[in-house]
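*Asks:* what's the 3D shape of this:
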Amino acid sequence: MARKFFGTDGIRGLVGDAPMTVDFTLQLAGAAARVLAPQGGRVLIGKDTRVSGYMFEAALEAGFVAAGVDVWLTGPMPTPGVAYLTRRHADTFGVVISASHNPYQDNGIKFFDRSGEKLSDELEEQIEMDMQRGVQTVASDRLGRARRADARLEEYQDFCAASVPGGIDLTGMKLVIDCANGAGFKVGPRLLAALGADVIPIGCSPNGRNINDGCGSTSPGLLQLTVTGVNAAAGIALDGDGDRLVMVDHLGRLIDGDQLLYIIARDRAERGELSGPVVGTAMSNLGLEIALRERGIGFRRASVGDRYVLAMLKETGGVIGGETSGHVICLDRTTTGDALIAALQVLSVMRRTGQSLAQLTSAMPKFPQVMRNVRVAQRFEPLARPAVAAAVAAAERQLGSDGRVVLRPSGTEPLIRVMVEGRDAAQTTACAEHIAAAVQAAAAG
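*Replies:* Below you'll find the predicted structure:
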C-alpha cells in the first residue's frame with residue numbers, strides 16, 4: 001500500500017491540522033509500539049523547542065505507556081542525538097518530535113529503529129495499517145513506565161567529541177554558533193566550549209515560537225555579520241533539529257553542504273581513510289563533482305533526500321555523503337546526518353592543516369545554479385513533452401560538458417522544478433528561462 005501519512009522524513013504538518021493532532025498521535029504511538037515492540041520494550045523520545053512539542057510528547061508518552069512500552073523523555077535533543085542514544089542503549093526504538101527547519105507552527109514525528117536508522121518504507125506502511133486498530137490499553141500489570149532522561153544529553157555531547165580520532169583541541173579558536181533557537185541550543189555551545197573554543201552563541205534562547213526564525217542554517221545572515229564583527233575563525237549554523245549544517249568563513253561567506261562535503265572527503269582521501277564514492281544528490285553543485293574528480297575521488301548522485309543519500313552510501317560502500325542544504329552524513333562516525341559531528345570534522349581539518357575555511361574551499365569552484373519553479377495545475381513528467389525535451393536538448397548543447405539540466409516534479413506541491421547549471425551565469429540563466437517557458441507552455445496545452 002502507498003503510505004498516507006509518512007513522507008520522506010517522517011510525518012509532518014501544521015499543528016492542529018491532520019495529521020498533526022493529539023488524537024492522531026495517540027493512535028500513532030499505539031501502532032508504532034505494536035509494530036516495533038510487540039513484546040514490550042523501551043522508547044526514547046526527544047524533541048526540539050517548539051511549544052507544541054509538549055502536547056505531542058504527552059500524547060506519545062500516553063500511547064506508548066498504554067501499549068506496554070517504557071518511555072525515556074530526554075527533553076530538547078538533536079535528532080542525531082536520539083539516533084545515537086537509541087543505538088547505544090539498545091532501546092527498542094527512538095522518536096523525535098520536530099519539523100526540522102520549518103517554522104514553529106509546524107511539527108512532525110519521526111522514528112529510528114534499534115540500530116539508530118530511519119525506518120524502512122515497509123515498517124512505516126505496517127504502522128499506518130495498524131493504526132486502524134485505534135488506541136488499545138494492555139492489562140495494568142503490563143503498562144509501561146515513563147521517566148526523565150535529561151542526563152542523556154551529556155552522553156551525546158561526549159559521543160560528538162569522540163568523533164574526531166585522537167581528539168580535537170580548539171583552544172584559542174573563536175567560533176560563533178547559531179543553534180536556530182532549536183534542539184541544539186544547549187549541547188552545541190557546551191560541546192565547543194568543552195573542547196577549548198572561545199564560543200559566541202546566537203540563536204540559543206528558545207521561547208517555543210522563535211525556532212528557525214531569522215536564524216539557523218536557513219537564515220544565516222546574522223551569523224555572517226557576527227563572524228566578521230567579532231573577528232571569529234568560523235561560524236557554525238544548525239537547523240531546528242540539529243541535523244543540518246552550514247558554516248561561515250572568516251570573511252563572512254557562506255559555506256554550504258557541497259563545500260563541506262568537499263573539505264571532509266578530500267581530507268579523508270589524503271589520509272587514506274575514504275571508502276567508496278562521495279554521494280550527493282541531483283541538486284549538488286557541478287563544481288563539487290569536478291573538484292572531486294580532479295583528485296581521483298568518485299562521485300555519485302542520489303535522489304533528493306538524505307534517506308536516499310544514505311541508501312546509496314550503503315549500496316556503494318561509501319562513507320561520506322550529503323546535500324547542498326547541509327545534511328552531511330559521515331557513516332564512518334555515526335548512522336545519520338549530524339550537524340555537530342560534521343562541524344567537528346571540518347574544524348579538525350582547519351586545526352590540523354592550519355588553513356582557514358576560505359583556503360580549504362578555494363579549490364572547489366561553485367558553478368552558477370539557476371532554479372525556476374513552474375506552477376502547474378497537475379504534476380506531469382516534463383521530459384515526456386516533446387517541446388520541453390527539445391528545450392532541454394538545446395540547453396545541453398549550449399552548456400556542453402560543463403553544464404547540466406535537472407527537471408523534476410515536486411513531491412509536495414504542484415510544481416515542476418527547473419534547475420540549470422553552467423560556468424557562465426548569463427548563459428545559465430537564459431537556458432533556465434527558456435526551459436521554464438517550455439514547461440509552462442506544455443502545462444497550459
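*Asks:* tally of neighbours for the nearest residue to Leu245 once chain neighbours are set aside?
*Replies:* In this structure, Leu245 finds its nearest non-sequential neighbour in Ala339, 3.7 Å apart by C-beta to C-beta, 6 or more residues apart in numbering. (C-beta placed from N, C-alpha, C; glycine too.) Neighbour count of Ala339, defined by other C-beta atoms under 10 Å: 32.
*Asks:* contacting residues around Ala339?
*Replies:* 78, 80, 184, 217, 236, 238-239, 242-245, 326, 328 (C-beta atoms under 8 Å, 6 or more residues apart in numbering).
*Asks:* with Gly53 instead?
*Replies:* Lys47, Ile97, Ser98, Asn107.
*Asks:* was I right about the third one contacting Arg244?
*Replies:* No - Ser98 sits out of contact with Arg244 when judged by C-beta atoms under 8 Å, with a separation of 11.6 Å.
*Asks:* comparing the two, which residue is more hemmed in?
*Replies:* Taking neighbours as other C-beta under 10 Å, Ser98 and Arg244 compare with Ser98 leading, 35 against 28.
*Asks:* quick one on the thing from earlier: quick check, nearest of the contacts of Ala339 to Asn102?
*Replies:* Here the nearest of the contacts of Ala339 to Asn102, counting by C-beta to C-beta, is Asp239; it sits at 9.4 Å.
*Asks:* need the nearest residue in space to Ala443, chain neighbours excluded.
*Replies:* For Ala443, the spatially nearest residue (C-beta to C-beta, 6+ apart) is Val376, at 4.1 Å.
*Asks:* helix, strand or coil for Gly75?
*Replies:* strand (DSSP: H, G, I helix; E, B strand; the rest coil).
*Asks:* what's the answer for Met129, then?
*Replies:* Going by three-state DSSP: Met129 is helix.
*Asks:* count of neighbours near it?
*Replies:* Neighbours of Met129 using other C-beta under 10 Å come to 13.
*Asks:* equivalent analysis for Leu286, please.
*Replies:* Using other C-beta under 10 Å, Leu286 has 21 neighbouring residues.
*Asks:* got it, and the one 3 residues further on?
*Replies:* By the measure other C-beta under 10 Å, the count of residues near Glu289 is 21.
*Asks:* contact partners of the helix or strand harbouring it?
*Replies:* Glu289 is part of helix 286-294, with elements assigned from DSSP states H and E. Helix 286-294 has contacts (C-beta under 8 Å, 6+ apart) with 258-259, 261-262, 265-266, 278, 280, 298-299, 363-367, 402-404, 421.
*Asks:* which other residues reach the longest helix anywhere in the chain?
*Replies:* The residue-count maximum for a helix in the chain (DSSP state H) belongs to helix 425-444. Residues outside helix 425-444 that contact it (C-beta under 8 Å, 6+ apart) are 367-372, 374, 376-377, 380, 382, 385, 387-388, 390-392, 394-395, 398-399, 403, 405, 407, 416, 418-422.
*Asks:* just the ones of the residues you listed in strands?
*Replies:* Mapping these onto strands (DSSP state E) picks out Gln369, Val370, Met371, Arg372, Val374, Val405, Leu407, Ile416, Val418, Met419, Val420, Glu421.
*Asks:* which one of these sits closest to Asp213?
*Replies:* Nearest to Asp213 among those is Met371, at 23.7 Å by C-beta to C-beta.
*Asks:* which residues does the closest residue to that closest one other than its chain neighbours bridge with?
*Replies:* Spatially, and ignoring its direct neighbours in sequence, Met371 is nearest to Met419 (5.3 Å; C-beta to C-beta, 6+ apart). Listed by DSSP bridges, the beta-bridge partners for Met419 are Met371, Val406.
*Asks:* looks like Met419 contacts Gln369 (just checking).
*Replies:* Yes - assessed by C-beta under 8 Å, Met419 is found in contact with Gln369 at 6.6 Å.
*Asks:* who's in contact with Asp239?
*Replies:* Ser100, His101, Ala180, Gly182, Asn212, Gly216, Ser217, Thr218, Gly326, Ala339 are the contacts of Asp239 under C-beta under 8 Å, 6+ apart.
*Asks:* which one of these sits in the busiest neighbourhood?
*Replies:* Ala180 (35 neighbours).
*Asks:* with adjacent residues omitted, what lies nearest to that residue?
*Replies:* Among residues not flanking Ala180 along the chain, Gly216 sits closest, at 2.6 Å (C-beta to C-beta, 6+ apart).
*Asks:* re earlier: list the buried ones in the longest helix of the chain?
*Replies:* 427-428, 430-432, 434-440, 442-443 (16 or more other C-beta atoms under 10 Å).
*Asks:* now those residues as TSV including distance to Val69 and pLDDT?
*Replies:* Below are the buried residues of helix 425-444 laid out as TSV (distance: C-beta to C-beta, whole Å; pLDDT from 0 to 100):
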residue	distance to Val69	pLDDT
Gln427	58	95
Thr428	53	96
Ala430	58	96
Cys431	54	96
Ala432	51	96
His434	56	96
Ile435	51	96
Ala436	50	96
Ala437	55	95
Ala438	54	95
Val439	49	94
Gln440	51	93
Ala442	51	91
Ala443	48	90
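*Asks:* how far is stretch 143-152 from where the chain is centred?
*Replies:* Counting by C-alpha atoms, centre = their mean, to the nearest Å, stretch 143-152 is centred 26 Å from the centre of its parent chain.
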